[in-house]
Every structure is written in structure tokens, then in C-alpha cells.
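Colleague: Sequence and predicted structure, then a few things I'm wondering about:
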Amino acid sequence: MTHEEQASTYAKIEEAAQWIRQRIAITPSVGLILGSGLGVLADSVERPAVLPYRDIPHFPLSTVEGHAGELIVGTLDGRPLVMMKGRFHLYEGYDGEAVTLPVRVMKALGVRTLLVTNSAGGINPDYRVGDFMLIRDHINFMFRNPLIGPNDGRLGPRFPDMSEGYSRRLLELARQAASELGLEVREGVYVGMTGPTYETPAEVRMLRKLGGDAAGMSTVPEVIAARHSGMEVFGVSCITNMAAGMLDQPLSHDEVVATANRVRSKFIDLMRTLLSKLN
């Protein structure tokens with residue numbers, strides 16, 4: 001990215017944020033990114049402003065089934081927030097700047113806390129389809145970083161610290177929320193892969209040996225950008241399938257969406273209880 005492109009990136013963020021501000025009546029403090037089949041949480045938002053991605057200046061378009069492609073701004077249990085109902089992925093052909101643009105726009109709107117959700121394949125043999133995994137850390141196996149290029153100091157530091165990519169404070173609040181609900185949750189390491197193919201059985205064995213517990217095709221770029229901008233981040237994976245070679249069956253996106261639909265009431269309860277605990 002050239003310095004001219006860097007300047008235009010900041011201008012794109014500001015233009016998109018200004019467009020959104022003109023259409024909402026609140027200042028969101030919390031942002032949520034809802035993964036495949038998990039957009040149902042947006043249905044609980046009170047008095048929502050529904051902004052299709054296609055209408056927002058400079059926003060990419062979501063091309064994946066199970067991703068609605070809407071920005072939802074409103075309140076949930078009295079808390080002002082903004083939700084991405086559908087996200088963007090490297091495998092759709094977007095670069096790191098495009099994938100993380102909405103995170104930058106959330107920050108410009110006033111968001112301080114980002115809650116990231118995804119659907120993931122279970123690598124840990126103790127996991128079961130339908131489990132929730134609170135993300136303790138991630139491994140970037142996308143081999144790409146959205147911060148490559150000249151750094152714009154208005155967005156964050158040149159060398160951001162990732163020793164606490166996922167907030168320990170928010171992780172503890174999520175544990176408390178799960179306990180109150182009587183919901184058993186896992187905790188583990190998310191491995192970000194580019195996709196769009198699912199991993200091979202050999203790759204899954206490798207990822208397990210390297211310390212991965214679940215694998216997916218999103219989240220890592222957004223979390224890097226969020227931490228670069230100074231946001232506090234929480235992440236949770238819905239284990240919607242077991243990764244290749246774990247079970248003797250092929251993988252499909254239909255299974256991912258079907259599992260997310262099956263556990264959605266538990267997902268909504270967990271996220272709403274966690275939100276109630278935020279400062």
C-alpha cells in the first residue's frame with residue numbers, strides 16, 4: 001500500500017462512518033461480528049437501523065450463504081451497539097484492508113469493545129458438534145496480515161502488541177455468563193485458515209500438534225485490526241462440525257448453518273448475558 005492509498009483508506013473509513021452517523025440516533029459502544037448462521041442475534045435488537053452493506057460507501061459485499069450482508073445499529077437490553085450480520089473473508093477475493101474496513105468504521109463510530117463470533121471446525125478430539133469455544137488465543141495460518149504496508153498512526157501503532165489479543169477480562173466475564181446459564185463451554189485456540197476449501201485430514205493433524213483446538217476461515221484479520229485500533233476483544237466459536245479426518249464423513253457448509261441454527265437459543269442467551277456484564 002502506498003502512502004496515497006493509506007491516506008485514501010483513512011478517508012474511506014471517515015466517509016463510511018459519516019454516512020452511518022447520519023442514519024442512526026445512537027453512539028454504539030459495543031460492536032459484534034456475527035458468523036455463519038449466527039446472525040439471528042440481530043433479530044433481538046430494539047429499534048434497529050438496518051443498513052445494507054451495498055448502500056454503505058466503500059463497504060464490500062458479503063457473498064456467503066448464511067451471511068445477510070447488513071449492518072444493524074440499535075440497542076439490546078438498553079446497550080447501544082452495532083452488529084455486522086455477515087462478514088467478509090479473504091477467500092472471497094478481498095484483501096486485508098477490505099476485510100477489516102468495517103472494524104475500522106466501528107471504531108470511528110465510537111465502539112470500544114468488539115465481540116467476534118464464528119463457526120469453526122473442531123480439531124480438539126474432546127469437542128463435540130454444537131459446543132461453544134471461548135477463544136483464548138489464535139494462530140494466524142492465513143499467512144497474511146492486514147497491517148502490512150505503511151502504518152497510519154491515526155489508526156494505531158506500527159507494531160501492535162498481540163500478547164493479549166483476546167481480553168482476559170472479557171474471557172472471565174464470559175465464563176461467569178456461561179456458569180450462570182448452566183452452559184458448559186470450552187476454551188481454546190482458534191486457527192485462522194484462508195479457505196475456501198476445508199482442511200485436509202493431514203492438515204488437521206498438523207494443526208492439532210501445533211496447539212490448535214478449532215479451525216475457521218475468518219476472525220484473525222478482524223481481531224488484529226481491532227487490537228491495532230485499541231479495542232478490547234472477545235471471541236467465541238460455535239463448533240458447527242468436526243474437522244476433516246475427525247469423523248468418517250465429508251464436510252459441508254449446510255452442516256455448518258444447520259448446527260448454528262440448532263444451538264442459536266443458547267448462543268443468544270450467552271451473548272446477551274455477557275453483554276449485560278460489560279461496563
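Modeller: Alright, I've got the coordinates.
Colleague: need the longest helix for the protein.
Modeller: Looking across the chain with DSSP state H, the single longest helix is helix 3-21.
Colleague: In it, which of the residues would be classed as buried?
Modeller: Burial within helix 3-21, assessed by neighbour count using 16 or more other C-beta atoms under 10 Å, is assigned to 6, 9, 12-13, 15-17, 19-20. For the C-beta atoms, the positions are set from N, CA and C on the backbone; glycine is no exception.
Colleague: So what's the residue count around the nearest residue to H228 once chain neighbours are set aside?
Modeller: Among residues not flanking H228 along the chain, G156 sits closest, at 3.7 Å (C-beta to C-beta, 6 or more residues apart in numbering). By the criterion of other C-beta atoms under 10 Å, G156 has 20 neighbours.
Colleague: does G156 count as helix, strand or coil?
Modeller: Of the three states, G156 takes coil according to DSSP: H, G, I helix; E, B strand; the rest coil.
Colleague: Quick check, it in contact with M231.
Modeller: No - the pair G156 / M231 is not scored as a contact, 9.7 Å apart, by C-beta atoms under 8 Å.
Colleague: how about low-confidence regions in the stretch 1-150 of the chain?
Modeller: Within the stretch 1-150 of the chain, the ranges that satisfy pLDDT under 70 run 1-7, 64-68.
Colleague: Which parts of it are helices?
Modeller: 3-21, 96-109 (DSSP state H, counting those that start in this stretch).
Colleague: residues of the shortest one that come out buried?
Modeller: Within helix 96-109, the residues that qualify as buried by neighbour count (16+ other C-beta under 10 Å) are 96-109.
Colleague: Distance to F141 added to those residues, as JSON lines?
Modeller: As requested, those are arranged in JSON lines below (distance: C-beta to C-beta, whole Å):
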{"residue": "G96", "distance to F141": "15"}
{"residue": "E97", "distance to F141": "20"}
{"residue": "A98", "distance to F141": "20"}
{"residue": "V99", "distance to F141": "16"}
{"residue": "T100", "distance to F141": "18"}
{"residue": "L101", "distance to F141": "23"}
{"residue": "P102", "distance to F141": "23"}
{"residue": "V103", "distance to F141": "20"}
{"residue": "R104", "distance to F141": "24"}
{"residue": "V105", "distance to F141": "27"}
{"residue": "M106", "distance to F141": "25"}
{"residue": "K107", "distance to F141": "26"}
{"residue": "A108", "distance to F141": "30"}
{"residue": "L109", "distance to F141": "31"}
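Colleague: quick one, what contacts the closest residue to Y127 other than its chain neighbours?
Modeller: Nearest in space to Y127, with sequence neighbours left out and distances taken as C-beta to C-beta, 6+ apart, is I239 at 5.2 Å. Contacts of I239 were listed using C-beta atoms under 8 Å, 6 or more residues apart in numbering, and they are 120-122, 127-133, 186, 214, 259.
Colleague: and those, which are buried?
Modeller: The neighbour-count criterion (16+ other C-beta under 10 Å) marks 120-122, 127, 129, 131-133, 186, 214, 259 among those as buried.
Colleague: Please, where are all the strands along the chain?
Modeller: Applying DSSP state E to the chain gives strands spanning 30-34, 46-52, 70-76, 79-85, 113-122, 132-140, 186-192, 214-216, 232-242.
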